[in-house]
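[1] Just a sequence and a predicted model for now, questions to come.
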Amino acid sequence: PSRADAASAEEVEVAGVPPDVEELARLHSKTFGVLDEVQSRHELCCRMQGLGDADLVTIACCCSSTIGLLRKLDLSENYLTSASAQTLATVLEPSISLEILDLSSSPWSDAGILCLSSALRRSGIRQLRRLGLRRCRMGDVGAEALALLLSETKAPALEDLGLEVNQISNGGLSSVAGALLLPAVAPRLRALCLGNLRGGNEIGDRGVIALAQAVKGMGFTALEKLWLAYNQIGDTGFAALAAALNNAANAPRLSLLSLSANRLSDKAVHEQVQLARARAFCLLIHPQLQGERAHSSTAASRGDLRV
């Protein structure tokens, strides 16, 4: 009989032990031979392969000798649960060559994010360029663990950080922004997503003010795209962000700013439009929300306004 789809502590200890032949055959049929690429291409791309927790245990067993060479690991859009976080941690810890890591659309929750972040801190993430943690049920505790990961490792190669469709509020974003204020943390960050058409977080004015301080303090000279759609940010928060972006030395490469589905007044929308025109970046700002209903801004009545 196959293992239940839950990675208990006892199951984690079997890493490196040859997996059951039937389970391995079943896993190969799910992944269409993707496991063979671990050794040849140093990639494990299993997006939308229907993997469960027991499959992850099998992967940890059969790939233990080559996991340290992984450059890309994509386990997004599967049926993994927070119970497998410890198993995944055993995969991540020796993966010192990781460049792309996507763990999106699994309900890791804060406890799982804590476990995974701890493993990544030990690996060092010196080469990690892209980190995807969207739709992971991450709250402020998980965001604080991510901030600790950034501050301890410096994330020197990180270019793309995706945190949309979670439950991060002001405290969590303040922690991440605080980490980004430290010298040499994520100096190459090009894209930061905290909300797009898939959904956002629970970030309000205080969180965006902290982010604006990070922009002013460190310049974000590599930042090209900033997504803040589908949050709870009002005029006060965006005034702070606009003040930071008014200085052309801050985020000089910015090409896209997404502010749709927040709480901006028509006056604030107009001011953001003027800023986008002055700085020559694309602005997505319609619709805005008041209470539970979207309203058409007089400055953006024809869909997402692009300036």
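    It's in. Numbers count the residues shown, from 1 in each chain.
[2] residues touching the nearest residue to Phe281 once chain neighbours are set aside, list them.
    Once flanking residues are discounted, Phe281 sits nearest to Leu254: 4.9 Å by CB to CB, 6 or more residues apart in numbering. Bear in mind the C-beta positions are built from the backbone N, C-alpha and C, glycine included. Counting by CB atoms under 8 Å, 6 or more residues apart in numbering, Leu254 makes contact with 223-226, 245, 279, 281.
[3] Next, format the residues you listed as CSV and append distance to Leu73 and neighbour count.
    Compiled in CSV, the contacts of Leu254 are given as follows (distance: CB to CB, whole Å; neighbours: other CB atoms under 10 Å):
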residue, distance to Leu73, neighbour count
Leu223, 25, 23
Glu224, 24, 18
Lys225, 23, 18
Leu226, 26, 23
Leu245, 34, 24
Arg279, 36, 19
Phe281, 32, 20
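[4] Filter the residues you listed down to just the ones in helices.
    245, 279 (DSSP state H).
[5] and which of the contacts of Leu254 is nearest to Ile203?
    Nearest to Ile203 among the contacts of Leu254: Leu226, at 12.4 Å, using CB to CB.
[6] What residues are bridge-paired with the closest one?
    When bridges are called by DSSP bridges, Leu226 pairs up with Leu192, Leu257.
[7] For Leu192, see how far away it is.
    Distance of Leu226 to Leu192, given as CB to CB, to the nearest Å: 6 Å.
[8] Gln288 touches Lys267, doesn't it?
    No: the pair Gln288 / Lys267 is not scored as a contact, 11.4 Å apart, by CB atoms under 8 Å.
[9] Which one's more surrounded, the two?
    Shown here are Gln288 and Lys267; by other CB atoms under 10 Å, Gln288 has more neighbours (22 against 12).
[10] What is the neighbour count of Asn170?
    Neighbours of Asn170 using other CB under 10 Å come to 21.
[11] OK, contacts around it?
    Asn170 neighbours (CB under 8 Å, 6+ apart): 203-207, 210.
[12] Where neighbours are concerned, which of those residues has the most?
    Going by other CB under 10 Å, Gly207 tops the contacts of Asn170 with 29 neighbours.
[13] phi, psi of that residue?
    phi -70, psi -40 (degrees, to the nearest 10).
[14] Ok, His270 next?
    The phi/psi pair for His270 (degrees, to the nearest 10) is phi -60, psi -40.
[15] between the contacts of Asn170, which is nearest Ala155?
    The closest of these, once distances to Ala155 are taken by CB to CB, is Ala210, at 18.2 Å.
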